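Visitor: Below is the sequence, then the predicted model.
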Amino acid sequence: MGSQLNIPVYANENSKDVVLIAKQAISQAYSKLNDVVILDTAGRLHIDEELMQELKNVKSNLKPHEILLVVDSMTGQDAVNVAESFNENLGIDGVVLTKLDGDTRGGAALSVKKVTNRPIKFIGEGEKLSDLEVFYPDRMASRILGMGDVLSIIEKAEEAIDLEEAQKLEKGLKKKELDLDDYLIQLRQVKKMGSFSSLLKMIPGMANIQDLKVDDKEFVKIEAMICSMTKEERKNPKLLNASRRIRIAKGSGTSVQQINQFMKSFEMTAKMMKKMQDKKGLKNMMKNLNAKDLMNFK
């Protein structure tokens, strides 16, 4: 995980003395001129007195600037009990809530804040490292009420999308129709923002659609399909006859039926993009469009 984040990690597997290992880690951080040290202790239950004492020893010997408790929000009432017990024994400074991409939708956040009277610093909304984000109470309230979280979408877009590439793509689309190369560029930029299912929850009104399901693996398949095409096929999708589609299906590990479904969806998207360049067409399109149409690619 440290290598994925491009940060140095210290571990001493020959010792079980947690305080000693922590001191060695800080000493090494000083020698390497690191400005922040995160001591990631082993997961433990609030009822484990021996391990709780271990944490108290780390606190008294190293005097950390901040103690953050990581809580699994899916555990419900147990999460509240753990937070309350740790706060009583250690005096935590904040909470990190994970698995908020599930059905809890912030219930644990309200309870943990109530019993500890400590701020929630970060939340995890997925399994990827990029899915850890700063917690904003007002945005969480909007998500719980199904009102979306447009500000978070904007921030994710600013971080993930290359502005120069986006402007270049926009200029290109004004001169020609959307091709599969353009589609692939857009797909990869949106993927940098996180999972599609988490992004949809941030769009106002989308969280209330009960039968709206998005499988991120489908987008991986789409990327594989496009990458299995030749440059000419990407530029001119009309070249994709039956024999070419069979070849692409074999190359991408998909079926001809899936290729046909994707191409039908792509043609709809291309038509939408074309209408968006015309003000009258855009007005009529938005009048007849609903949230389910946006995800009708399967």
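Guide: Good, I have the coordinates. Computed from a predicted model, the values in this text were never measured in an experiment.
Visitor: Run a quick neighbour tally on residue 123.
Guide: 23 (other Cβ atoms under 10 Å). Backbone N, C-alpha and C define where each C-beta goes, glycine included.
Visitor: Next, it: phi, psi?
Guide: phi -130, psi 150 (degrees, to the nearest 10).
Visitor: ok, it - contacts?
Guide: Residues in contact with residue 123, defined by Cβ atoms under 8 Å, 6 or more residues apart in numbering, are 96-98, 100, 109, 132-133, 135, 140.
Visitor: Of those residues, just say which sits nearest to residue 183.
Guide: When the contacts of residue 123 are compared for distance to residue 183, the smallest value, 27.5 Å, is given by residue 133; criterion: Cβ to Cβ.
Visitor: Do I have it right that that closest one meets residue 121?
Guide: No. Here residue 133 lies out of contact with residue 121, judged by Cβ atoms under 8 Å, at a distance of 10.5 Å.
Visitor: Neighbour count: the two, which is higher?
Guide: Summary of the neighbour comparison: residue 133 and residue 121, criterion other Cβ under 10 Å, with residue 133 having more neighbours (18 against 15).
Visitor: Now do the same for residue 220: helix, strand or coil?
Guide: Applying DSSP: H, G, I helix; E, B strand; the rest coil to residue 220 yields a three-state assignment of helix.
Visitor: For residue 61, see how far away it is.
Guide: Computed with Cβ to Cβ, to the nearest Å, the distance linking residue 220 and residue 61 is 47 Å.
Visitor: And residue 2, by the same measure?
Guide: With distances taken as Cβ to Cβ, residue 2 is found 24 Å from residue 61.
Visitor: same question, residue 253
Guide: If you measure residue 253 against residue 61 using Cβ to Cβ, the figure is 54 Å.
Visitor: Show the residue spans covered by the helices in the stretch 151-298 of the chain.
Guide: Counting by DSSP state H, counting those that start in this stretch, one finds helices in the stretch 151-298 of the chain at the ranges 163-175, 180-191, 196-201, 216-227, 231-235, 242-252, 256-276, 279-288, 291-294.
Visitor: which among the contacts of residue 123 end up buried?
Guide: Among the contacts of residue 123, those classed as buried by 16 or more other Cβ atoms under 10 Å are 97-98, 100, 109, 133, 135, 140.
Visitor: Can you redo those as CSV, where the extra columns are pLDDT and distance to residue 43?
Guide: As requested, the buried ones among the contacts of residue 123 are exported to CSV (pLDDT from 0 to 100; distance: Cβ to Cβ, whole Å):
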residue, pLDDT, distance to residue 43
97, 86, 15
98, 85, 11
100, 74, 18
109, 72, 20
133, 83, 21
135, 83, 21
140, 68, 24
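Visitor: In the chain, where is pLDDT below threshold?
Guide: Scanning the chain with the threshold set as pLDDT under 70 gives 44-47, 76, 101-107, 139-176, 193-216, 275-298.
Visitor: What residue spans form the domains of it?
Guide: The chain breaks down into these domains under automatic domain parsing: 2-150, 158-294.
Visitor: Residue 256 versus the residue lying closest to residue 116 once chain neighbours are set aside, what's the distance?
Guide: Setting aside the residues directly before and after it, residue 116 is nearest to residue 87 in space (Cβ to Cβ, 6 or more residues apart in numbering), at 4.5 Å. Shown here: residue 87 relative to residue 256, a distance of 58 Å by Cβ to Cβ.
Visitor: Look at those two and report which has more neighbours.
Guide: Under the neighbour definition other Cβ under 10 Å, residue 87 and residue 256 were set side by side, and residue 87 has more, 20 against 14.
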